[in-house]
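[1] how would this look folded up:
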Amino acid sequence: MMSENNVIIAAENLWKTYQLGKQEVNALCEATFTISQNEFVAIMGPSGSGKSTLMNIIGCLDTPTKGKYHLKGKLVSTLSDNELAYIRNSEIGFVFQVFNLLPRATAFHNVEIPLIYKGARKKEREKKTLRALEMVEMSDRMNHRPPELSGGERQRVAIARALVNEPSLLLADEPTGNLDSKTGQEILSLFHKIHSQGNTIIIVTHDRDIAEQAQRILFLKDGKIIKDERKGV
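    Got it, this is the predicted structure:
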């Protein structure tokens, strides 16, 4: 068990309730867990189990209806919009099933965008962008635009973009969902490589085979964490 100093995420009794007409729907109920630095965790469950809701709260894209969420020791509910925007751009890297790349921009520019938002100088942007592209083995394709790249290559560019700000947390929502099984396995191998370099990774998936590649699996059903399975390390 890691010491509390290594805890990057602490969720305490998280609920997310939506009002649908006169009916209340609990997308997330009583979620309590911690995730430590450099863990590789899968959040698994069927459609409608609350996976994406939990991922959005972890990624500071949404707020819980009640409960407390601490990210790196900070209580997220007390942060201003500017502080949340800074955390999303600096501390968290997002990888989605749909790659969300600008079709007319080169791979290099797509990866560089978070650094532009951050106000980084040109030399620093070039250095960090090249390093991120090297990490995902896409340096030789950096002048290509998304329509000229395969699905796997596009996802590698999206991962490089997520890594370019050197985030402490990488969140991936069904990152292999649009890929064939061979390409999907290549992307998972890339996640293992990134994890071995010290990153904390959380993958959302409905696929048991993908979840099994993580060190730990949080199983969700009807908005509740029904099992927290840790593998022997």
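
[2] show me what the longest helix belonging to the chain is in contact with.
    When the chain is parsed with DSSP state H, its longest helix is helix 181-196. Contact with helix 181-196 is made by 38, 40, 135-137, 150-152, 155-156, 159, 163, 170, 172, 175-176, 179, 201, 203, 210, 213, as judged by CB atoms under 8 Å, 6 or more residues apart in numbering. Every residue, glycine included, has its C-beta placed from N, CA and C.

[3] ok, the closest residue to Asp222 other than its chain neighbours - contacts?
    Closest residue to Asp222 apart from its sequence neighbours, by CB to CB, 6 or more residues apart in numbering: Ser49 at 6.6 Å. If you count contacts by CB under 8 Å, 6+ apart, Ser49 has them with 220-223.

[4] is there a quick ChimeraX command that grabs whichever of those are buried?
    Restricted to buried positions by 16 or more other CB atoms under 10 Å, the ChimeraX selection for the contacts of Ser49 reads:
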select :220,223
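
[5] which residue ranges of this protein form helices?
    For the chain, helices defined by DSSP H occupy the ranges 51-58, 81-90, 107-118, 122-135, 151-163, 181-196, 208-211.

[6] so for the first one, mean pLDDT?
    Looking at helix 51-58 alone, the average pLDDT works out to 92.

[7] check the second one too.
    The average pLDDT within helix 81-90 is 87.

[8] how far does that helix sit from the chain's center?
    Put simply, helix 81-90 sits 15 Å off its chain's centre (CA atoms, centre = their mean, to the nearest Å).
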